[in-house]
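Engineer: Fold the following for me, if possible:
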Amino acid sequence: MLKRIVLAWVVLLASVVAASAQEDPVWIQIEAQPNLNAATERARVYAAELPDVNGFSLGGGWYGIALGPYARSDAEQVLRVYRSEGVIPRDSFIAFTSSFRQQFWPIGANVLNRGVVEPPVPTEPEDTTPVVDTPAPPPSDETPAQAQRSERQLSRSEREDLQIALQWAGTYEGGIDGAFGRGTRNAMAQWQEQKGFDVTGILTTQQRVVLLQDYNSVLDGLGLEVVRDETAGIEMLMPTDVVAFDKYEYPFAHYTGTGDIEATVLLISQEGDQTTLFGLYDIMQTLDIVPLDGARERKDRSFVLVGEDAAHVSETRVTLEDGQIKGFTVVWPAGDEERRTRLLDEMGKSFVRTDGVIPTSASTQEQAIDLVSGLEVRKPRLSRSGFFVDNRGTVLTTSEAVSSCTRVTVDSETDAEVAVVDESLGVAVLKPTSTLAPLAIARFSDTQPRLQSEVAAAGFSFEGVLGAPSMTFGTLSDLRGLDGEPNLSRLALNTLPGDVGGPVLDAGGGVLGMLLPDEQGGRALPKGVRFALDRAALQGVLAEAGLAAASTDSGTPIDPVDLSAAATGMTVLVSCWD
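Structural biologist: Numbering: from 1, shown residues only. Below is the predicted model:
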């Protein structure tokens, strides 16, 4: 508890005022804290006892509490008196305006550029202790007994912060519990030895500052400052040297990269309930900024999403309180994990909900099927067609659809494993990781097809954009390839790249083959000329995978509606993801 002192204001001589006007304002820095919440609380305590209390960001995640601004001579006088009274720490020092950034206390104030104020002059005798301009006292700033007494004034969270910093420095391996037992004392002693301090196992006030400054140095250059977004109803620390506000796209406030660090911050703000929260959780996982790999945790009123790939790490933290869903996403370059995790920790600790949410009307006029609130939906590198060959969901497709993929899916959602690939034939067999229930399965024709007979191809012509397969009709031109290959059939058929890998059927609904890519032997085919891999070759690949192919007598044509239902029911979208 600060000792309350009686201050009397005196009128300074005109000559002193004139001299002061020629000096740059200075401050008395009395304390620094490693997070905004602690600094605000300490500023509130000091302001209850002293005039002219201000709080400023110092950069690097630190926040300073200072008195002023005063003329230099006045500041030295106030420093001596307050030290002698014991109302400010003994290591308080003269600081300059250039040391301070955005003001956080008093809330809404901005006094950095104003002139000096008249100082409070105490009625008690002055302390003649010389004033120094440096904040760093010698290593013997406190005896072990004094250090232990000051240590007892620390809150549990402050003690835990010290353990975290010791852990980061590589001297502490125990749990973060705020209890300074033997393990913590040994870690302190080891750190003191590394830094050249007297080894006591008890950190002095200044040593604690040095330890935390080292710990926070990783945040230098990010421009951490408190940003209050009135539209989103969120106040928090933001790396203002890295990102800047771009736009609102309900329910996001976009803060995009401005420098060399390719980073993005999204503030998330909307009204809703648990159903809305869970819907947001699902939608976020479809976005390109949230890679597939990473931890996912969804609770009744919150969720955390982490996505990682070779280029970026994305982390989203969201909570539901009082009918409002709020949170944030940070997308950061991969390989910078120490700085990323420290930044996330500081942003999370500083997160404050204020009034309001982003209105549903806050968006641009841009609309696209591959955008959600101005963010790109994750898209596969390539999508082709395939078809089911058994009731468990095994799929035949083109090898082109599974080449160099990190992940392969069928129906856009179900992961599939590549069971067999025959590059010479250009065909692959996929097995889904979970059992599927196809509407129809391929039945290979055991009837010899006739030249110039009608054929139909089913496939996802537009690579999944339409959400369902299409039918394309044509004729069978030849039972061999251009060089006489017996396992190929030439078709007079107009198809698109997305149709490749889909089934080719005769008029009776039997599968004659699988549609191949538009190039054969390195040669681009003329429009309307396509090739299919023959049914016999496909049956051989299935036998290699340990599967028996179903067959049918398809010599008798069936109703076109039934043909279309059978063809589209067996056809499935196959996607290759990076």
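Engineer: Just the helices from the stretch 1-150 of the chain, written as ranges.
Structural biologist: 14-21, 36-47, 72-85, 144-152 (DSSP state H, counting those that start in this stretch).
Engineer: of all the ones you listed, which lies closest to Pro251?
Structural biologist: helix 36-47 (24.9 Å; C-beta to C-beta). (Each C-beta comes from the backbone N, C-alpha and C, glycine too.)
Engineer: what helices or strands is that closest one leaning on?
Structural biologist: Packed against helix 36-47 by the contact rule (3 or more C-beta pairs under 8 Å, 6 or more residues apart in numbering; DSSP states H and E) you find strand 26-33, strand 53-59, strand 62-70, strand 103-105, helix 337-350.
Engineer: I'd like the domain boundaries of this protein, if you could list them.
Structural biologist: Per automatic domain parsing, the domain ranges recorded for the chain read 7-122, 144-219, 228-376, 380-578.
Engineer: what's the span of the longest one from first residue to last?
Structural biologist: Using C-alpha to C-alpha, to the nearest Å, the span of domain 380-578 from its first residue to its last is 7 Å.
Engineer: what residue ranges in the stretch 1-150 of the chain are flagged as low confidence?
Structural biologist: 1-23, 60, 121-141 (pLDDT under 70).
Engineer: Which residues are in contact with the closest residue to Ala39 other than its chain neighbours?
Structural biologist: Closest residue to Ala39 apart from its sequence neighbours, by C-beta to C-beta, 6 or more residues apart in numbering: Tyr63 at 3.5 Å. Residues near Tyr63 by C-beta atoms under 8 Å, 6 or more residues apart in numbering: 32-36, 38-40, 55-57, 104.
Engineer: Need the residues you listed in TSV (columns: distance to Leu479 and neighbour count).
Structural biologist: As requested, those are exported to TSV (distance: C-beta to C-beta, whole Å; neighbours: other C-beta atoms under 10 Å):
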residue	distance to Leu479	neighbour count
Ala32	84	18
Gln33	82	23
Pro34	78	23
Asn35	76	20
Leu36	77	25
Ala38	81	18
Ala39	82	23
Thr40	82	18
Gly55	85	27
Phe56	83	25
Ser57	78	22
Phe104	80	21
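Engineer: Columns distance to Val541 on top of the residues you listed, output as a markdown table?
Structural biologist: Converted to a markdown table, the contacts of Tyr63 look like this (distance: C-beta to C-beta, whole Å):
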| residue | distance to Val541 |
| --- | --- |
| Ala32 | 70 |
| Gln33 | 68 |
| Pro34 | 63 |
| Asn35 | 62 |
| Leu36 | 63 |
| Ala38 | 66 |
| Ala39 | 68 |
| Thr40 | 68 |
| Gly55 | 72 |
| Phe56 | 71 |
| Ser57 | 65 |
| Phe104 | 68 |
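Engineer: Now flag whichever of the residues you listed is closest to Ala165.
Structural biologist: Pro34 (8.5 Å).
Engineer: Quick check: phi and psi at the closest one.
Structural biologist: With angles defined as degrees, to the nearest 10, Pro34 sits at phi -80, psi 0.
Engineer: I'd like the distance between it and Arg156.
Structural biologist: Applying C-beta to C-beta, to the nearest Å, the value for Pro34 to Arg156 is 15 Å.
Engineer: can you check Arg83 too?
Structural biologist: Taking C-beta to C-beta, one finds Arg83 at 29 Å from Arg156.
Engineer: Out of those two, name the residue with the larger neighbour count.
Structural biologist: Arg83 (19 against 10; other C-beta atoms under 10 Å).
Engineer: What separation do you get for the more buried one and Ala244?
Structural biologist: Relative to Ala244, and taking C-beta to C-beta, Arg83 is found at 42 Å.
Engineer: do the same with Phe351
Structural biologist: Counting by C-beta to C-beta - Phe351 and Ala244 are separated by 19 Å.
Engineer: Helices of the stretch 151-300 of the chain, residue ranges please.
Structural biologist: Counting by DSSP H, counting those that start in this stretch, the helices of the stretch 151-300 of the chain are 156-169, 182-195, 205-216, 274-284.
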